[in-house]
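Peer 1: Just to be clear, the model below is a prediction. Sequence and coordinates:
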Amino acid sequence: MTGDITPVVVRLKLSLLRNGLRQSGGRRAAYVASAIVTFLFAALQLIGLIALRGHAHAASVVVLLVAVLALGWAVMPLFFPGGDETLDPTRLVMLPLRPRPMVRALLVASLVGIGPLFTLCLLAGSVVSVAHGGAAYAVGVIAVVLALLVCVALARAVAAANVRLLTSRKGRDLAVLSGLVIAIGAQLVNFGAQRLGSSGLAQLDPAAEVLRWVPPASAIGAVDSVSEGSYGRAVAQLALSAGALVALLAVWSRHLTRLMTAPDGSTLQTEGSAVRERTSTGLARLLPAGRTGTVMERSLRYIWRDPKTKAAWVTSLAIGLIVPVFNAWQGTGSIYFACFAAGMLGIQMYNQFGQDTSAFWMVALTISTTRDAYVELRARALALLVITLPYATLVTVLTTAMLGDWPTLPEALGLSFALLGAMLATGAWTSARFPYSIPQEGYKNVAPGQVGLAWVSIFGGMIAAALLCAPVIVGTILLNASESGDPWSWLMLPAGAAYGAAITLLGLRLAAPRTARRLPEILAAVSRG
């Protein structure tokens with residue numbers, strides 16, 4: 001293939017976009033809605049950046065904004081691999097293309113879309129915020145082009161380096177976790193905005209002084225340097241961005257060459273890859289023998305391999321840490337907020353059979369007595385405890401350290417252990433009484449028609465768990481209300497742990513007969529997704 005292929009690739013990008021929108025009305029509506037929201041947000045950002053012009057800390061704000069924007073471009077291919085079908089260059093592997101014209105064509109095609117237009121608006125607003133004088137605006141034009149190209153080349157280089165990952169099961173796992181990343185990022189942005197609102201923009205200056213020398217933020221920093229009359233520094237900052245662009249294009253080209261010429265490892269058979277005897281390794285060696293160890297290993301493998309189970313666990317782990325730690329960091333929290341971690345992790349015990357989906361029939365075949373059902377539920381609870389018990393302890397200790405309230409640590413740990421035990425008990429019972437299916441495809445976590453079951457199972461179980469913890473809560477309140485209670489507060493740790501263990505065993509005993517009796521109903525309920 002000879003000649004300039006750039007127009008062809010750009011037309012290909014437009015055709016992919018047009019044909020994708022023709023697939024369904026829902027997809028068109030979602031694209032139009034997202035475009036409108038993005039344009040409105042970009043317009044508001046542009047107005048805000050222009051209004052920032054003349055502010056003493058405007059340069060610090062725009063430099064940090066461009067750095068965060070570049071970070072977003074870097075992680076976008078990892079968490080949204082389906083957002084741009086041209087991110088996968090292996091689709092062009094059968095065409096006689098050379099790396100250099102292919103890089104040029106894909107780079108130009110990358111400038112087509114909502115993301116580049118949004119980035120262009122923010123970069124233009126950033127230049128207007130810090131540019132003063134004709135020379136600064138002239139440099140600003142160069143800075144905007146450089147920064148935009150660096151962002152696009154960064155996304156392409158990351159995608160090319162990880163294309164095998166993005167097209168694998170692990171890549172789909174990352175896509176499932178993208179919502180969690182956005183949620184955590186929103187919490188961090190909210191926390192940062194609160195900090196800035198209380199102490200002002202001056203605290204951004206130290207970070208901005210470093211980032212103004214990091215591409216592509218250095219390109220915007222060059223505009224500010226020209227406005228201040230520091231032309232030598234501006235040239236150095238522009239040179240850094242230009243050098244980064246060249247380096248990213250070289251890395252991208254090298255990965256493209258490897259992808260277009262190297263054989264696919266999935267089609268190669270390595271020596272001795274025929275049949276290998278399966279042996280237990282790692283954590284499996286530490287698990288107990290018999291059915292208990294087998295069920296625990298299966299549950300832990302679900303957590304590690306199943307995308308939706310993994311997403312639920314990572315969400316619980318992250319939120320269970322963020323809420324108590326961030327509140328303690330702001331000085332507004334309490335050590336008892338650490339119980340939030342135990343509550344979030346205890347939710348994973350609910351709907352235990354739903355994660356098996358229609359494969360639950362294999363589990364049902366192994367359950368013939370109440371004893372079998374009890375061992376199955378107990379093993380699943382133990383698999384959860386392998387993660388939840390040390391994690392809840394870690395969050396409680398970390399929160400205590402940040403607050404400096406060490407005398408209250410035994411009480412908080414006792415409450416956490418009691419709450420965790422209560423949630424395991426109610427989770428086992430609701431798993432047997434209110435099972436529901438988790439669809440394997442799509443983003444929904446509950447099959448249509450079973451939303452009511454999910455609400456009853458989760459929220460009803462949480463309320464019941466809180467009521468079951470009443471004895472430990474009352475004991476903690478009485479100790480704190482008594483003048484002589486401090487020397488005995490450490491007793492709440494063994495008391496809470498013992499109570500949590502006892503209530504867990506009781507819940508498993510009560511759930512086992514119901515599970516053994518309702519195996520057909522459970523299978524029918526979890527097979528709907």
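Peer 2: Alright, I've got the coordinates.

Peer 1: I'd like the average pLDDT over the helix or strand that contains Leu65.
Peer 2: Per DSSP states H and E, Leu65 falls inside helix 58-79. For helix 58-79, mean pLDDT is 83.

Peer 1: Equivalent analysis for stretch 510-529, please.
Peer 2: Here the average pLDDT along stretch 510-529 is 89.

Peer 1: now what about that stretch, what contacts it?
Peer 2: Stretch 510-529 is touched from outside by 353-354, 356-358, 360-361, 364, 367-374, 376-377, 425, 428-429, 431-433, 435-440, 447, 449-450, 453, with contacts defined as Cβ atoms under 8 Å, 6 or more residues apart in numbering. (Glycine included, C-beta is placed from N, CA and C.)

Peer 1: Select only the buried ones of those residues in PyMOL?
Peer 2: Typed into PyMOL, the next command selects the buried ones out of the contacts of stretch 510-529 (criterion: 16 or more other Cβ atoms under 10 Å):
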select buried, resi 353+354+356+357+360+364+367+372+373+374+376+377+425+428+429+431+432+433+435+436+437+438+447+450+453
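
Peer 1: In strands, which of the contacts of stretch 510-529 appear?
Peer 2: If you go by DSSP state E, the contacts of stretch 510-529 have nothing in strands.

Peer 1: Give me the subset of the contacts of stretch 510-529 lying in helices.
Peer 2: Mapping these onto helices (DSSP state H) picks out 360-361, 364, 370-374, 376-377, 425, 428-429, 431-433, 453.

Peer 1: about what we covered before: what's the first helix or strand after the helix holding Leu65?
Peer 2: Scanning forward in sequence from helix 58-79 by DSSP H and E, the next helix or strand is helix 99-109.

Peer 1: What is that following helix packed up against?
Peer 2: helix 6-21, helix 134-161, helix 231-261 (3 or more Cβ pairs under 8 Å, 6 or more residues apart in numbering; DSSP states H and E).

Peer 1: Show me which of these has the highest average neighbour count.
Peer 2: Greatest average neighbour count among those goes to helix 134-161 (a mean of 22), per mean count of other Cβ atoms under 10 Å.

Peer 1: Please parse this structure into its domains.
Peer 2: Taking automatic domain parsing as the domain assignment, the ranges for the chain are 6-262, 288-526.

Peer 1: Run the chain-centre distance for the last one.
Peer 2: Right, the one you point to is domain 288-526. 21 Å (Cα atoms, centre = their mean, to the nearest Å).

Peer 1: And it, end to end?
Peer 2: Domain 288-526 has an end-to-end distance of 28 Å (criterion: Cα to Cα, to the nearest Å).

Peer 1: Where does pLDDT dip in the stretch 351-500 of the chain?
Peer 2: Applying pLDDT under 70 to the stretch 351-500 of the chain flags residues 441-444, 449, 482-487.

Peer 1: Quick check: pLDDT value at His55.
Peer 2: Looking at His55, its pLDDT is 81.

Peer 1: From Val62, how far out is it?
Peer 2: 10 Å (Cβ to Cβ, to the nearest Å).

Peer 1: Show me which of these two is the more surrounded one.
Peer 2: Taking neighbours as other Cβ atoms under 10 Å, His55 and Val62 compare with Val62 leading, 27 against 13.

Peer 1: Might you report the residue contacts of the more buried one?
Peer 2: Residues in contact with Val62 (Cβ under 8 Å, 6+ apart) are 49, 52, 125-126, 129-130, 220.

Peer 1: do Ala135 as well
Peer 2: For Ala135, the contact set (Cβ under 8 Å, 6+ apart) comprises Val226.

Peer 1: Which strands or helices does the helix or strand harbouring Val32 pack on?
Peer 2: Using DSSP H and E, Val32 falls within helix 25-51. When contacts are defined as 3+ Cβ pairs under 8 Å, 6+ apart, helix 25-51 sits against helix 6-21, helix 114-130.

Peer 1: Distance from it to the middle of the chain?
Peer 2: Helix 25-51 has its average C-alpha position 23 Å from the chain's average C-alpha position, going by Cα atoms, centre = their mean.

Peer 1: sorry, back to before: out of the domains of the chain, which is the most enclosed?
Peer 2: Ranked by mean neighbour count, with mean count of other Cβ under 10 Å as the criterion, the domains of the chain are topped by domain 288-526 at a mean of 19.

Peer 1: How confident was the prediction at Asn277?
Peer 2: Rather than Asn, residue 277 is Glu. 42.

Peer 1: Val139 versus Gly460, what's the distance?
Peer 2: 63 Å.

Peer 1: likewise Arg518?
Peer 2: Look at Arg518 and Val139: by Cβ to Cβ, they are 72 Å apart.

Peer 1: residues in contact with Val251?
Peer 2: Val251 makes contacts with 157, 161, as judged by Cβ under 8 Å, 6+ apart.

Peer 1: how near is it to Ala58?
Peer 2: Note on Val251: its distance to Ala58, by Cβ to Cβ, is 33 Å.

Peer 1: same thing with Val386?
Peer 2: Separation of Val386 from Ala58 (Cβ to Cβ): 51 Å.

Peer 1: what does Trp329 give?
Peer 2: To Ala58, Trp329 is 28 Å away according to Cβ to Cβ.

Peer 1: and what of Thr366?
Peer 2: Going from Thr366 to Ala58 by Cβ to Cβ gives 67 Å.

Peer 1: what's the answer for Arg518, then?
Peer 2: Between Arg518 and Ala58 the computed distance is 65 Å (Cβ to Cβ).

Peer 1: residues in contact with the closest residue to Thr426 other than its chain neighbours?
Peer 2: Using Cβ to Cβ, 6 or more residues apart in numbering and skipping residues adjacent in sequence, the residue nearest Thr426 is Gly461, 4.1 Å away. Counting by Cβ under 8 Å, 6+ apart, Gly461 touches 350, 423, 426-427, 429-430.

Peer 1: all helices for the stretch 401-529 of the chain, in order.
Peer 2: Assigned by DSSP state H, counting those that start in this stretch, the stretch 401-529 of the chain shows helices spanning 409-433, 451-455, 461-468, 470-481, 492-517, 519-526.

Peer 1: repeat for the stretch 251-400 of the chain
Peer 2: Taking DSSP H, counting those that start in this stretch as the test, the helices found in the stretch 251-400 of the chain are 290-305, 307-329, 339-346, 360-365, 370-403.
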